[in-house]
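Novice: Below are the sequence and a predicted model; questions follow.
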Amino acid sequence: MRTQLEHTLLSKITDVDSLKRKIASWKFLGQKVVFTNGVFDLLHTGHITYLVKAAELGERLVIGLNADTSVKRLKGDDRPVNNQESRALLLAALFFVDAIVLFDDDTPLNLITELMPDILVKGADYTIDNIIGGKEVIANGGEVKTIDLVEGYSSTAIIQKIRNQVT
(Lines give C-alpha, C1' and ligand atoms only; values in the text may rest on other atoms or scores of the structure.)
Protein backbone atom coordinates (compact mmCIF):
# COMPACT_ATOMS: atom_id res chain seq x y z
CA MET A 1 0.00 0.00 0.00
CA ARG A 2 1.31 3.43 -0.96
CA THR A 3 1.93 6.12 1.60
CA GLN A 4 0.43 9.58 1.18
CA LEU A 5 3.85 10.90 0.17
CA GLU A 6 4.31 8.21 -2.49
CA HIS A 7 0.84 8.95 -3.84
CA THR A 8 1.61 12.69 -3.96
CA LEU A 9 4.89 12.16 -5.78
CA LEU A 10 3.45 9.72 -8.29
CA SER A 11 0.45 11.97 -8.95
CA LYS A 12 2.83 14.60 -10.34
CA ILE A 13 3.95 12.18 -13.08
CA THR A 14 1.17 12.30 -15.62
CA ASP A 15 0.13 11.76 -19.22
CA VAL A 16 -0.60 14.48 -21.77
CA ASP A 17 -4.39 14.27 -21.62
CA SER A 18 -4.52 14.44 -17.82
CA LEU A 19 -2.01 17.27 -17.84
CA LYS A 20 -4.05 19.24 -20.37
CA ARG A 21 -6.99 19.08 -17.96
CA LYS A 22 -4.78 20.20 -15.04
CA ILE A 23 -3.39 23.09 -17.06
CA ALA A 24 -6.88 24.20 -18.09
CA SER A 25 -7.88 24.20 -14.43
CA TRP A 26 -4.79 26.15 -13.37
CA LYS A 27 -5.32 28.72 -16.12
CA PHE A 28 -8.99 29.05 -15.16
CA LEU A 29 -7.78 29.96 -11.66
CA GLY A 30 -5.52 32.62 -13.17
CA GLN A 31 -2.30 30.73 -12.52
CA LYS A 32 0.57 31.13 -14.97
CA VAL A 33 1.93 27.82 -16.24
CA VAL A 34 5.68 27.61 -16.87
CA PHE A 35 7.06 24.81 -19.04
CA THR A 36 10.59 23.57 -19.47
CA ASN A 37 12.04 20.33 -20.71
CA GLY A 38 15.14 18.23 -20.59
CA VAL A 39 16.81 14.95 -19.75
CA PHE A 40 17.72 15.68 -16.10
CA ASP A 41 19.83 12.52 -16.01
CA LEU A 42 21.93 13.27 -12.93
CA LEU A 43 20.18 15.94 -10.90
CA HIS A 44 22.74 18.53 -9.81
CA THR A 45 23.09 22.10 -8.53
CA GLY A 46 22.77 23.51 -12.03
CA HIS A 47 19.44 21.76 -12.54
CA ILE A 48 18.05 22.80 -9.16
CA THR A 49 19.06 26.45 -9.62
CA TYR A 50 17.58 26.50 -13.13
CA LEU A 51 14.32 24.85 -12.07
CA VAL A 52 13.88 27.15 -9.06
CA LYS A 53 14.29 30.19 -11.31
CA ALA A 54 11.84 28.71 -13.81
CA ALA A 55 9.28 28.04 -11.06
CA GLU A 56 9.56 31.63 -9.87
CA LEU A 57 8.30 32.87 -13.25
CA GLY A 58 4.76 31.59 -12.62
CA GLU A 59 2.54 29.66 -10.25
CA ARG A 60 2.86 26.19 -11.80
CA LEU A 61 5.95 24.42 -13.17
CA VAL A 62 5.58 21.64 -15.71
CA ILE A 63 8.56 19.61 -16.89
CA GLY A 64 8.65 17.74 -20.17
CA LEU A 65 11.03 14.85 -19.51
CA ASN A 66 12.76 13.07 -22.39
CA ALA A 67 11.85 9.38 -22.34
CA ASP A 68 14.70 6.87 -22.32
CA THR A 69 14.40 6.11 -26.05
CA SER A 70 14.60 9.82 -26.86
CA VAL A 71 17.68 10.26 -24.64
CA LYS A 72 19.45 7.36 -26.36
CA ARG A 73 18.83 8.91 -29.78
CA LEU A 74 20.04 12.33 -28.62
CA LYS A 75 22.96 11.42 -26.34
CA GLY A 76 24.05 7.90 -27.31
CA ASP A 77 23.53 4.31 -26.19
CA ASP A 78 25.22 4.83 -22.81
CA ARG A 79 22.60 7.37 -21.73
CA PRO A 80 20.52 7.88 -19.77
CA VAL A 81 22.36 6.76 -16.66
CA ASN A 82 19.07 6.78 -14.71
CA ASN A 83 15.91 5.45 -16.32
CA GLN A 84 12.89 7.64 -16.99
CA GLU A 85 11.00 6.42 -13.92
CA SER A 86 13.89 7.31 -11.61
CA ARG A 87 14.43 10.70 -13.25
CA ALA A 88 10.71 11.51 -13.07
CA LEU A 89 10.48 10.50 -9.40
CA LEU A 90 13.46 12.69 -8.46
CA LEU A 91 11.87 15.68 -10.19
CA ALA A 92 8.51 14.93 -8.55
CA ALA A 93 10.21 15.10 -5.15
CA LEU A 94 10.95 18.79 -5.74
CA PHE A 95 8.21 20.73 -3.96
CA PHE A 96 8.15 23.49 -6.60
CA VAL A 97 7.50 21.06 -9.50
CA ASP A 98 3.81 20.57 -10.22
CA ALA A 99 3.83 18.05 -13.06
CA ILE A 100 6.16 15.87 -15.11
CA VAL A 101 5.20 14.43 -18.47
CA LEU A 102 7.37 12.08 -20.52
CA PHE A 103 7.83 12.60 -24.24
CA ASP A 104 9.50 10.31 -26.76
CA ASP A 105 10.12 12.76 -29.61
CA ASP A 106 13.54 14.26 -30.26
CA THR A 107 12.11 17.71 -29.54
CA PRO A 108 9.25 18.84 -27.27
CA LEU A 109 7.47 20.73 -30.08
CA ASN A 110 4.39 18.48 -30.19
CA LEU A 111 4.14 18.50 -26.41
CA ILE A 112 4.46 22.28 -26.20
CA THR A 113 1.82 22.87 -28.86
CA GLU A 114 -0.56 20.50 -27.07
CA LEU A 115 -0.02 22.00 -23.62
CA MET A 116 0.48 25.64 -24.70
CA PRO A 117 2.07 27.01 -21.53
CA ASP A 118 2.00 30.68 -20.60
CA ILE A 119 5.78 30.78 -20.29
CA LEU A 120 8.30 28.58 -22.07
CA VAL A 121 11.76 28.47 -20.47
CA LYS A 122 15.15 27.17 -21.54
CA GLY A 123 18.72 27.77 -20.44
CA ALA A 124 20.59 30.82 -21.68
CA ASP A 125 22.70 28.53 -23.86
CA TYR A 126 19.71 28.95 -26.21
CA THR A 127 18.56 32.18 -27.79
CA ILE A 128 14.86 32.97 -27.72
CA ASP A 129 14.59 32.74 -31.50
CA ASN A 130 15.93 29.16 -31.57
CA ILE A 131 13.92 27.70 -28.68
CA ILE A 132 11.72 24.95 -30.03
CA GLY A 133 8.06 25.83 -29.52
CA GLY A 134 8.87 29.46 -28.85
CA LYS A 135 7.16 30.83 -31.95
CA GLU A 136 4.04 28.85 -31.16
CA VAL A 137 3.90 30.00 -27.52
CA ILE A 138 4.41 33.65 -28.51
CA ALA A 139 1.75 33.37 -31.25
CA ASN A 140 -0.64 32.13 -28.53
CA GLY A 141 0.07 35.19 -26.36
CA GLY A 142 2.68 33.54 -24.15
CA GLU A 143 6.27 34.39 -23.33
CA VAL A 144 9.61 32.73 -23.95
CA LYS A 145 12.44 33.29 -21.46
CA THR A 146 15.96 32.09 -20.88
CA ILE A 147 17.69 31.48 -17.57
CA ASP A 148 21.41 31.79 -16.94
CA LEU A 149 23.03 28.45 -16.21
CA VAL A 150 25.36 27.74 -13.31
CA GLU A 151 28.87 27.41 -14.69
CA GLY A 152 30.64 24.10 -14.26
CA TYR A 153 27.61 21.83 -13.90
CA SER A 154 26.39 19.38 -16.50
CA SER A 155 25.37 15.75 -16.37
CA THR A 156 27.74 14.97 -19.24
CA ALA A 157 30.70 16.51 -17.37
CA ILE A 158 29.80 14.64 -14.17
CA ILE A 159 29.53 11.34 -16.04
CA GLN A 160 32.89 11.97 -17.73
CA LYS A 161 34.53 12.80 -14.38
CA ILE A 162 33.23 9.53 -12.90
CA ARG A 163 34.48 7.56 -15.92
CA ASN A 164 37.91 9.18 -15.65
CA GLN A 165 38.17 8.20 -11.97
CA VAL A 166 37.17 4.60 -12.68
CA THR A 167 39.69 4.05 -15.47
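Specialist: In hand now; what should we look at?
Novice: Pretty sure D148 sits against K122.
Specialist: No - D148 lies out of contact with K122 (Cβ atoms under 8 Å); the separation is 11.4 Å. In short, each C-beta sits where N, CA and C put it, glycine included.
Novice: Those two: which has the busier surroundings?
Specialist: K122 (25 against 11; other Cβ atoms under 10 Å).
Novice: The more buried one in helix, strand or coil?
Specialist: Secondary structure, DSSP: H, G, I helix; E, B strand; the rest coil: K122 is strand.
Novice: Looks like it contacts T36 (just checking).
Specialist: Yes - using Cβ under 8 Å, K122 is in contact with T36, at 6.6 Å.
Novice: Which residue ranges of the protein form helices?
Specialist: Ranges of helices within the chain are 4-12, 16-28, 45-55, 68-75, 84-92, 109-115, 134-139, 155-166, based on DSSP state H.
Novice: Need the ones you listed in TSV (columns: mean neighbour count and mean pLDDT).
Specialist: Output for the helices of the chain, formatted as TSV (neighbours: other Cβ atoms under 10 Å; pLDDT from 0 to 100):
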stretch	mean neighbour count	mean pLDDT
helix 4-12	13	83
helix 16-28	14	98
helix 45-55	18	96
helix 68-75	16	96
helix 84-92	19	96
helix 109-115	18	98
helix 134-139	16	98
helix 155-166	12	76
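Novice: The ones you listed into JSON lines, with extra columns for distance to L102?
Specialist: JSON lines is the format used below for these (distance: least, Cβ to Cβ, whole Å):
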{"stretch": "helix 4-12", "distance to L102": "12"}
{"stretch": "helix 16-28", "distance to L102": "9"}
{"stretch": "helix 45-55", "distance to L102": "17"}
{"stretch": "helix 68-75", "distance to L102": "9"}
{"stretch": "helix 84-92", "distance to L102": "6"}
{"stretch": "helix 109-115", "distance to L102": "9"}
{"stretch": "helix 134-139", "distance to L102": "20"}
{"stretch": "helix 155-166", "distance to L102": "17"}
